[in-house]
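Colleague: What shape does this take:
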Amino acid sequence: MSTIKFIQQKDLHRSKWDACVRQSINSLPYALSWYLDAVAENWDGLVLNDYEAVMPLVWLRKWGVKCLYQPYYCQQLGVFSKAELNGKEWSKFMQYVSSAYPYAQINLNPLAQPVAKELKLKNKKNLLLLLKEDYPTLRKRYSENHKRNIKKAEKAAFIFDNTDEVETFRKFYISNIRPEKEIFKPKHKKILVALTDRLIAENLAAMFKVTDQDGKWMAASLIIKHDKRWINLINTSSAVGKQKGASHFLFDNILRQNCGQDVLFDFEGSSIPSIARFYEGFGASEEVFYLFHRSLAHRLKQRFS
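Modeller: Numbers count the residues shown, from 1 in each chain. Next comes the predicted model:
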């Protein structure tokens, strides 16, 4: 008989947990124990049998109660399993979540599809591009707007290169955050530093930059290389870079440098239309993942209806 156990983080068998995440049919780096340590204030886990499937539970305390939330730099979590789970098995994991946490707003990976209707999950949009084909074939699928912006960057004589300047990368990223569009607090900077340092230590990060002829940064990206899935974790550009197509030039060169490989390039979103259009302009295809939201009011409504 299958048994799902709640285990506090301090009592988890970390090597078994990470082996399950790596060997899962939907493996993503976000669920690895050290990644969760870097991005989460607190986390525990649900474990099926002897680590045949696991589900991270990232939480903080609000109004005196534990609430599940989606941490920064962690697009989706949910259940990670070595074998495909059916709706009944997924439901058991989610029943625990619904009963144990008064409030939850978390993103579930695509394998939650069997319970999407039952739990009234909201579709979210991710965008992926398989890099198997050669560059000319990939380039043909670019939008005309993207091709124009790449030419604009080439005309500006921008330079694309790999970089290992992690501190410069972080400063450039933080300096180009737009406060009116993104909440970025001191605690988020702490997460950024901890995560990027660990990704580099694990040899999983690849950083790229676009500069002008004077060496001034125009755009940059940090990619996580997780097996055959490469994830565009962080990317940004300066105001001048935006005007001159630096981000278009950046991704065009990343794809050119890595085409012809059995790699799935994960643009990591987005449900925001303007960002989605940007990634779709490189020929990316949609992958659906899910938002699970429950509040105390929702639970009271269910109880008394």
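
Colleague: For the rest of this, base every contact and every neighbour count on C-alpha atoms.
Modeller: Will do.

Colleague: Against which helices or strands is the lengthiest helix in the chain packed?
Modeller: Of all the elements of type helix in the chain, the one with the most residues (DSSP state H) is helix 186-201. With contacts taken as 3 or more CA pairs under 8 Å, 6 or more residues apart in numbering; DSSP states H and E, helix 186-201 sits against helix 33-39, helix 166-175.

Colleague: Just the buried residues of the last one, please?
Modeller: Neighbour-count burial for helix 166-175, counted by 16 or more other CA atoms under 10 Å, picks out 169-170, 172-173.

Colleague: Same check on the first one?
Modeller: For helix 33-39, burial by neighbour count (16+ other CA under 10 Å) applies to 33, 35-39.

Colleague: Equivalent analysis for stretch 24-35, please.
Modeller: Going by neighbour count (16+ other CA under 10 Å), the buried part of stretch 24-35 is 24, 26-33, 35.

Colleague: and if you look at stretch 241-260?
Modeller: Going by 16+ other CA under 10 Å, stretch 241-260 has these buried residues: 241-242, 244-256, 259.

Colleague: got a list of contacts for it?
Modeller: Where contact means CA atoms under 8 Å, 6 or more residues apart in numbering, the residues beyond stretch 241-260 that reach it are 131-135, 146, 149-150, 152-154, 156, 158, 160, 208-210, 218-221, 236-237, 282.

Colleague: List buried residues within those residues.
Modeller: If you count burial by 16+ other CA under 10 Å, the buried members of these come out as 131, 135, 146, 149-150, 152-153, 158, 160, 208-210, 218-221, 236-237, 282.

Colleague: In strands, which of those appear?
Modeller: With strands defined by DSSP state E, the entries of the buried ones among the contacts of stretch 241-260 inside them are 160, 208-210, 218-221, 236-237.

Colleague: low pLDDT regions in this protein?
Modeller: Segments of the chain classed as low confidence (criterion: pLDDT under 70) are 1, 179-181, 296-305.

Colleague: List the residues that contact the most centrally placed residue in it.
Modeller: Nearest to the mean C-alpha position of the chain, counting by CA atoms, centre = their mean, stands Gln75 at 3.3 Å. Listed by CA under 8 Å, 6+ apart, the contact partners of Gln75 are 30, 107, 268.

Colleague: for Leu28, same thing?
Modeller: When contacts are counted by CA under 8 Å, 6+ apart, Leu28 touches 21-22, 226.
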